[in-house]
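Trainee: Following is a predicted model, sequence given first.
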Amino acid sequence: MKKDFELLKSSPDVIVKGIRTKVFGDFIARPYWNYMDDIWEYLKKRFPDTEFDGEAWDMDPRFERFEYDELGEQYIVLNLGSMNADEVDWGHDYVFVDTSEFPSYEQWTMDKMRCLTEIDVPHDICRLSEEQLKKLRGEICVGSCYLADYNNSMFIDRSILSDYADSYLEYLDDEQRADTQEEFACYIKGVA
């Protein structure tokens, strides 16, 4: 996932192993070992004139709860609303995702917690460059009635892409133009 803190806080749609799902909750799960590596330094920086005794999580304003997966791995769940952008560990932190669309064998606790490096954010067709649109045209079957023919590496919603493709075909017919990647890119740039 790109390092966009505001996007992360908005519970965005994400792609996990090719499945579109949603981040839910305003929380991040951090592996216990990673949390313990830097918690005392964080607390001293956040509260410079305070003496600390007891458990670190009792003093951490971000702390919510402990979470365990089926393999016994321990995670510290932190409240994302109490964090700053520079406190997110983009390489080791996890988010909770909706697993209702996952195959039944991937609906365990450890499957709902996904590392930020494992998830992608779907692209918006309106924001694609001309080169990306050309690549997209090469990946889809324009005119197909099957949504599977609109699967693409940029994770653009297939229904939306199908609607654009249908209007693109009408445009080609009306303007007597040939279907090329360049024409597709030009058309999408003009209407999206």
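Mentor: Cool, got the structure. Numbers count the residues shown, from 1 in each chain.

Trainee: I'd like the next helix or strand past the worst-scoring helix or strand of the chain on mean pLDDT.
Mentor: Ranking every helix and strand in the chain by mean pLDDT, DSSP states H and E puts helix 109-112 at the bottom, with a mean of 72. Using DSSP states H and E, the next helix or strand after helix 109-112 towards the C-terminus is strand 113-115.

Trainee: Now the element after that following strand, going C-ward?
Mentor: strand 119-120.

Trainee: next helix or strand past the helix or strand Glu64 falls within?
Mentor: Using DSSP H and E, Glu64 sits in strand 63-68. For strand 63-68, the following helix or strand on the C-terminal side (DSSP H and E) is strand 74-79.

Trainee: Show me how the record splits the protein into domains.
Mentor: 5-120, 125-191 (automatic domain parsing).

Trainee: can you list those domains in JSON lines and add mean neighbour count?
Mentor: Heads up, the C-betas are built off the backbone N, CA and C, glycines and all. Formatted as JSON lines, the domains of the chain follow (neighbours: other Cβ atoms under 10 Å):
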{"stretch": "domain 5-120", "mean neighbour count": "15"}
{"stretch": "domain 125-191", "mean neighbour count": "15"}
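
Trainee: the strands in the protein, which residues?
Mentor: Assigned by DSSP state E, the strands in the chain fall at 13-16, 19-22, 27-31, 63-68, 74-79, 94-96, 113-115, 119-120.

Trainee: Let's have those in TSV, adding distance to Val191 and mean pLDDT.
Mentor: Output for those, formatted as TSV (distance: least, Cβ to Cβ, whole Å; pLDDT from 0 to 100):
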stretch	distance to Val191	mean pLDDT
strand 13-16	23	82
strand 19-22	24	82
strand 27-31	38	93
strand 63-68	45	93
strand 74-79	42	94
strand 94-96	34	90
strand 113-115	34	87
strand 119-120	25	84
